[in-house]
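> below are the sequence and a predicted model; questions follow.
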Amino acid sequence: MKLKESYRKYILLGVIGFIIIGLIVAKIMAKNQDEQFIRNDLLYEQVQKLYNEENYEEAVVYIEELLKTQPNSEVVNYMGGLISAINQDYNKAAILMQKTLDINPHKVDDAIFMLQLGEIFYQAKRYDDARIVLTHCQEKGWAPEEYPNYQDKVLELLNSIENQE
């Protein structure tokens, strides 16, 4: 089958037009993605600032917005868990901290994170989960420099769990 010269020109122009339209759409989508990234970055910086200033009530507003746009972000879930715990919403904190661990299973080797997780589970009255986490902390024998009484706190929480049951 032979194509006429005019058909070849139309096919070539069609392919070129398709490529140009694809490039334009990609540029528009990339610009929207850049704007969303910048917006999320500014929101996270605001959350960090409010957290450092101990303005946790206002930080909740911004972290909620971030959790809507970045539900699978480890750092957003972790920060949301800490802020929720400070605001005594322990059930939500437990969910967010568990999600942080689900996103990054290597957190199981982070001594401070695991103590925070165990304490949040304890406060949320999830005693079985708290016992598992805190027993793990105890078995690892962690003693971080920034928390010299780490093992004492773990033992205190484990004893409190035993007294609750």
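Thanks, I have it.
> need the contact list for residue 88.
Contact analysis of residue 88 by C-beta atoms under 8 Å, 6 or more residues apart in numbering lists residue 123. Glycine gets a C-beta too; all of them are placed from N, C-alpha and C.
> that one in helix, strand or coil?
The assignment at residue 88 comes out as coil when based on DSSP: H, G, I helix; E, B strand; the rest coil.
> give me phi/psi at residue 144?
phi -60, psi 150 (degrees, to the nearest 10).
> quick check: it touching residue 151?
No. Checked against C-beta atoms under 8 Å, the pair residue 144 and residue 151 is beyond contact range at 10.2 Å.
> give me the element the spatially closest residue to residue 78 that is not a sequence neighbour is part of.
Leaving out its chain neighbours, the residue that sits closest to residue 78 by C-beta to C-beta, 6 or more residues apart in numbering is residue 100, at 4.5 Å. Assigned by DSSP states H and E, residue 100 falls within helix 90-103.
> so after that helix, what's the next helix or strand?
Heading C-terminal from helix 90-103 (DSSP H and E), you reach helix 111-123.
> so what's the residue count around residue 152?
Residues lying near residue 152 (other C-beta atoms under 10 Å) number 10.
> and for residue 4?
8.
> contacts only, for it.
Residues counted as contacts of residue 4 (C-beta under 8 Å, 6+ apart): none.
> tell me the spacing between it and residue 121.
75 Å (C-beta to C-beta, to the nearest Å).
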